[in-house]
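1. Build me a structure from this.
(one chain, ligands or ions: 1)
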Amino acid sequence: MKNNSISTDTDVIIVGAGPVGLALANLLQTQGLRFALFTQESEPRPVYESRAEGVHVRTLELFERIGVIQKAMNQGRPLEGVSLYSLKQKLGSFSLKDPRSAFPGALILEQGKVERILSERLQENGVSIHWGHKLSALVQTNGCVEAQFVDQNGVTIRLQGKYFVGCDGAHSTSRKLIGVDFIGEPHPGSYALADVDIEWHQEALDSNVHVFMSPLLLLGKLKEGSWKVASLVPKGAKLPESPEEILSILQAQIDHHGVLAKLMKARWTSHFRISNRHVSTMRKDRVFLAGDAAHIHSPMGGQGMNEGIHDAANLAWKLALVVNGKADDSLLDTYSEERLPLIEKVLKDTSFMTNAIEIEGPGRWVRDKVVSFATQIQMLEPLLREEFSGAHRTIGQTRIIRESNVSFL
Ligand SMILES: Cc1cc2nc3c(=O)[nH]c(=O)nc-3n(C[C@H](O)[C@H](O)[C@H](O)COP(=O)(O)OP(=O)(O)OC[C@H]3O[C@@H](n4cnc5c(N)ncnc54)[C@H](O)[C@@H]3O)c2cc1C
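-> Numbering: from 1, shown residues only. A predicted model of the protein is given here:
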């Protein structure tokens with residue numbers, strides 16, 4: 001390995017150009033902080049890799065702050081509501097429109113598009129992302145963090161920053177390097193998903209997200225007319241590897257739930273396992289963890305990408321105040337103190353939703369009656385709107401904002 005040591009100084013080193021690292025970089029940019037963003041992939045991920053595709057209202061408010069809201073609205077489509085089904089019957093629908101926000105509700109916008117929009121914004125502001133740099137070591141000394149990266153030619157680069165934020169995903173190297181525990185357990189079962197064209201042999205489903213329960217099948221229309229289809233891989237079935245195997249599992253679930261539709265051409269397929277885990281702390285001295293590096297959970301309710309971006313929002317303005325000498329370093333302790341309880345609640349809620357959707361046996365009858373009744377009297381709407389808006393996520397910051405009188409959000 002060549003060893004070409006470059007010593008540069010910056011305020012914040014960010015690792016990971018997923019939605020969280022990119023959002024954090026943009027938010028630090030709005031605060032006028034110096035930062036450097038490193039990521040291991042050599043170029044942006046393809047725009048068609050949808051992964052997460054629901055952008056919550058609170059996240060849209062942050063996009064407005066960053067200056068990308070128009071682009072996001074143009075490239076996405078509004079998510080009006082959710083319809084729930086069991087035993088081939090529709091139990092009811094609920095609206096996700098949120099009267100408390102300037103935005104009508106959540107937006108369907110694939111993660112690939114979110115990442116592209118956020119990296120283009122950095123480019124517009126003259127910020128270059130350091131593609132093809134893998135984090136390999138981290139040392140904290142008095143007053144700074146030194147991070148070491150290896151580039152694609154095997155060249156080692158060292159960089160010093162006042163603070164470091166690991167946004168490097170579920171298998172976070174940052175988390176391992178600072179020795180923070182990732183507490184929790186895997187959820188049984190795995191999920192297959194695809195972005196795919198559908199040939200309808202019934203009236204096409206409307207623009208709500210359609211959730212078929214026991215076992216889970218999810219159908220949601222994307223902006224360009226194709227559909228996001230996801231389902232639980234049946235117990236005992238071989239884990240899918242090829243796109244054909246994934247489509248065959250999804251088609252079998254569509255048939256099982258009595259939807260008259262044929263899956264056609266897929267532009268992206270994947271499968272994943274759910275785990276419910278969170279870190280024991282989101283800060284260790286000058287190193288912070290955000291997004292999947294700090295918490296992973298069921299995708300039910302579309303929280304993963306949103307919660308990660310909310311981590312970034314909580315941290316960015318605090319880093320700005322501390323780096324600019326307007327607040328004491330102890331303000332940064334409130335990042336973990338405020339975010340962890342909310343993350344624990346998200347894990348609990350998403351785990352509850354996942355288990356409820358997968359109930360079999362007599363419990364299923366009870367669940368269906370409750371869901372049916374709750375949708376009729378519109379009882380679910382305020383609860384689920386809260387999950388899909390993320391509006392409560394910044395509770396805990398208000399006192400600090402008022403006292404410090406900073407430009408926040
Ligand atoms: C197949 C799949 C489907 C999903 N579906 C959904 C869904 O339907 N709904 C939902 O809400 N969520 C979903 N998720 C989860 C969602 O994608 C994540 O919550 C979101 O990507 C988290 O963003 P992040 O920026 O924290 O991490 P990531 O998107 O994982 O980004 C991490 C970044 O760090 C970089 N990196 C990692 N290690 C290093 C290193 N050592 N050095 C340098 N760079 C490094 C990576 O290359 C990447 O750029 C899905 C995830 C997957 C994998």
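
2. Okay, buried residues for stretch 212-223 please.
-> Residues 212-222 are the ones in stretch 212-223 that count as buried (16 or more other Cβ atoms under 10 Å). Using the backbone N, CA and C atoms, a C-beta is placed for each residue, glycine as well.

3. That stretch and the ligand, are they touching?
-> No - figure legend: stretch 212-223 not in contact with the ligand (Cβ under 6 Å from any ligand atom); closest approach 8.3 Å.

4. Any idea how far apart the tips of that stretch sit?
-> From its first residue to its last, stretch 212-223 covers 21 Å (Cα to Cα, to the nearest Å).

5. cool, stretch 104-117 as well?
-> Across stretch 104-117, first to last residue, Cα to Cα, it's 21 Å.

6. how distant is that stretch from the center of its chain?
-> 11 Å (Cα atoms, centre = their mean, to the nearest Å).

7. Report the rounded mean pLDDT for that stretch.
-> Stretch 104-117 shows a mean pLDDT of 93.

8. same question, stretch 160-169
-> Stretch 160-169 comes out at a mean pLDDT of 97.

9. Give me the nearest residue to whichever residue of the stretch 301-409 of the chain sits closest to the ligand, chain neighbours excluded.
-> Closest approach between the stretch 301-409 of the chain and the ligand, counting by Cβ to the nearest ligand atom: Gly304, at 2.6 Å. Nearest non-adjacent residue to Gly304, counting by Cβ to Cβ, 6 or more residues apart in numbering: Ala52, 5.5 Å away.

10. Over to Thr281?
-> Thr281 sits nearest to Ser336 (Cβ to Cβ, 6+ apart), 5.2 Å away.

11. That neighbour against Ser280, yeah?
-> No - the pair Ser336 and Ser280 fails to qualify as a contact (Cβ atoms under 8 Å) at a distance of 9.4 Å.

12. Have a look at these two and say which one is more surrounded.
-> Per other Cβ atoms under 10 Å, whichever of Ser336 and Ser280 has more neighbours is Ser336, with 22 against 11.

13. Could you pull up the residues touching the more buried one?
-> Residues in contact with Ser336, defined by Cβ atoms under 8 Å, 6 or more residues apart in numbering, are 281-283.

14. All the strands of the stretch 51-200 of the chain, residue numbers only.
-> Assigned by DSSP state E, counting those that start in this stretch, the stretch 51-200 of the chain shows strands spanning 54-55, 77-78, 81-86, 89-95, 107-108, 133-141, 144-151, 156-166, 182-200.

15. Partner strands of the third one and their direction?
-> So the one you mean is strand 81-86. In the sheet, strand 81-86 lines up against strand 89-95 (antiparallel), strand 209-212 (parallel) (DSSP bridges).

16. ranking the ones you listed by burial, who's on top?
-> Here the criterion is mean neighbour count by mean count of other Cβ atoms under 10 Å, and of the strands paired with strand 81-86 the winner is strand 209-212, at a mean of 23.

17. Average pLDDT for it, rounded please.
-> Across strand 209-212, pLDDT averages out at 95.

18. In which helix or strand does the most centrally placed residue in the chain reside?
-> Nearest to the geometric centre of the chain sits Met305, at 1.0 Å (Cα atoms, centre = their mean). Using DSSP states H and E, Met305 falls within helix 304-323.

19. Following element in sequence after that helix, please.
-> helix 333-357.

20. Just the angle for the helix or strand following that following helix relative to strand 81-86, thanks.
-> For helix 333-357, the succeeding helix or strand toward the C-terminus, using DSSP H and E, is helix 362-376. Helix 362-376 runs at 150 degrees relative to strand 81-86, counting by axes from the mean of the first three to the mean of the last three Cα atoms, to 10 degrees.

21. one step back: now, the most widely separated pair of the buried residues of stretch 212-223?
-> Ser214 and Leu222 (25.2 Å; Cβ to Cβ).

22. In stretch 44-55, which residues are buried?
-> Buried positions in stretch 44-55, judged by neighbour count with 16+ other Cβ under 10 Å: 44-45, 49-55.

23. can it be found next to the ligand?
-> Yes - using Cβ under 6 Å from any ligand atom, stretch 44-55 reaches the ligand at 51-52.

24. That stretch: how far from the chain's middle?
-> 10 Å.

25. tell me the average confidence for it?
-> Throughout stretch 44-55, pLDDT has a mean value of 87.

26. Around the ligand, pick out the residues from the stretch 301-409 of the chain.
-> When proximity is defined by Cβ under 6 Å from any ligand atom, the stretch 301-409 of the chain lies next to the ligand at 302-305, 308.

27. again, 5 Å this time
-> Proximity of the stretch 301-409 of the chain to the ligand (Cβ under 5 Å from any ligand atom) is limited to residues 302, 304-305, 308.

28. can you redo those as JSON lines with distance to Ile14 and pLDDT?
-> Converted to JSON lines, those look like this (distance: Cβ to Cβ, whole Å; pLDDT from 0 to 100):
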{"residue": "Gly302", "distance to Ile14": "24", "pLDDT": "80"}
{"residue": "Gly304", "distance to Ile14": "18", "pLDDT": "90"}
{"residue": "Met305", "distance to Ile14": "16", "pLDDT": "95"}
{"residue": "Gly308", "distance to Ile14": "13", "pLDDT": "97"}
